[in-house]
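Novice: no FASTA, just this:
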């Protein structure tokens, strides 16, 4: 077998470190800004390492009772959109994968087409619909609109994943007396857990970071954390330290979930993207 020389390993290691450092640079800037006084956030030359350390920005954010409210609202919206997208998208993906209909498989590209539609193109029609049915400013309005895009991705993802699940196992369950729904519930679904987790993580991240829909469809009582970060901007100044501190609070929940489910996510997104 071909073995990499010591020079190749060193070069690859250095390139990897440079690539990781390049992508983590904005995160490092965010972290350092959260611990800086306002005057040092944009000092020239930038103070990357040696600066006056302060926790005042975090104290201000924690003292603001709205921060916890924004986080709770984001959790509600993300949970609702995730559950609804999986409930609609997973069975739909399974049905398309097992239908055997060429027309239905071609029609499944509609879900991919839906993902290509600019979100702003659907914002005004949905705004008017939610206003007319008196859901404007509620969690339901934001959850439903997020689900339109999220469920389309789940269908496309799970269609590819279920196509890779051996049909023979389901057929054996049918021979043993199971119904089609029973075969789906007891055979196909457990074998597709990585794909479901990968889809769920995408939905969580998309819903958690949604800004445009939340800006137009929520009320003061249903604002999410991205809108809370927007509150750092005012007509007088932009408090970069407080904004950075709020961004860290917004990142932590999604980061914990992603790290906890990382193994399933990598397996699911890889198989769903390359097979089926």
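Specialist: Received the coordinates, thanks. These numbers come from a predicted model, not from an experiment.
Novice: how about the closest residue to residue 254 other than its chain neighbours, phi and psi?
Specialist: If the residues on either side of it in the chain are set aside, residue 254 comes closest to residue 208, at 5.3 Å by Cβ to Cβ, 6 or more residues apart in numbering. For the C-beta atoms, the positions are set from N, CA and C on the backbone; glycine is no exception. Main-chain dihedrals, residue 208, degrees, to the nearest 10: phi -70, psi -40.
Novice: looking at it, residue 208 is touching residue 253, isn't it?
Specialist: Yes - using Cβ atoms under 8 Å, residue 208 is in contact with residue 253, at 7.5 Å.
Novice: Mind listing the shared neighbours of those two?
Specialist: Common contacts of residue 208 and residue 253 (Cβ atoms under 8 Å, 6 or more residues apart in numbering): residue 74.
Novice: The two - which one has more neighbours?
Specialist: More crowded of residue 208 and residue 253, by other Cβ atoms under 10 Å: residue 208, with 23 against 16.
Novice: Provide a list of residues in contact with that one.
Specialist: Per Cβ under 8 Å, 6+ apart, neighbours of residue 208: 74, 78, 224-225, 250, 253-254.
Novice: can you pick the most crowded of those?
Specialist: residue 224 (29 neighbours).
Novice: Apart from its neighbours in sequence, what residue is nearest that one?
Specialist: Residue 224 sits nearest to residue 74 (Cβ to Cβ, 6+ apart), 4.3 Å away.
Novice: pretty sure that neighbour contacts residue 223?
Specialist: No - assessed by Cβ under 8 Å, residue 74 is found out of contact with residue 223, at 9.2 Å.
Novice: returning to that earlier point: can you tell me which of the contacts of residue 208 comes closest to residue 171?
Specialist: Closest approach between the contacts of residue 208 and residue 171, by Cβ to Cβ: residue 78, at 37.4 Å.
Novice: The one helix or strand the closest one maps to - contacts with which helices or strands?
Specialist: In the assignment (DSSP states H and E), residue 78 maps to helix 65-99. Judged by 3 or more Cβ pairs under 8 Å, 6 or more residues apart in numbering; DSSP states H and E, the packing partners of helix 65-99 are helix 102-107, helix 139-162, helix 193-209, helix 225-230, helix 240-260.
Novice: what's around residue 110, how many residues?
Specialist: Counted with other Cβ under 10 Å, residue 110 comes out at 11.
Novice: element containing it, please.
Specialist: helix 109-116.
Novice: What lies in contact with that helix?
Specialist: 148-149, 152-153, 155-156.
Novice: quick one: which of these is most hemmed in?
Specialist: Neighbour-wise, the contacts of helix 109-116 (other Cβ under 10 Å) top out at residue 155, 26 neighbours.
Novice: pretty sure it is touching residue 93, no?
Specialist: Yes - contact status for residue 155 versus residue 93: in contact at 4.8 Å, counting by Cβ under 8 Å.
Novice: The residue nearest to residue 254 and residue 110, how far apart?
Specialist: 26 Å (Cβ to Cβ, to the nearest Å).
Novice: Find me the pLDDT at the nearest residue to residue 261 once chain neighbours are set aside, would you?
Specialist: Using Cβ to Cβ, 6+ apart and skipping residues adjacent in sequence, the residue nearest residue 261 is residue 197, 5.3 Å away. As predicted, residue 197 sits at a pLDDT of 86.
Novice: Check the one 3 residues further on too.
Specialist: At residue 200 the predicted local distance difference test score is 89.
Novice: OK, contacts around it?
Specialist: 82, 86, 261.
Novice: and if we set it to 6 Å?
Specialist: residue 82 (Cβ atoms under 6 Å, 6 or more residues apart in numbering).
Novice: With residue 129 instead?
Specialist: Going by Cβ under 6 Å, 6+ apart, the list of residues near residue 129 is empty.
Novice: Please report the distance of it from residue 140.
Specialist: 12 Å.
Novice: before we move on, the earlier item: to residue 44, which of the helices and strands packed on helix 65-99 lies closest?
Specialist: helix 240-260 (14.6 Å).
Novice: The closest one versus helix 65-99: what angle between them?
Specialist: 40 degrees (axes from the mean of the first three to the mean of the last three Cα atoms, to 10 degrees).
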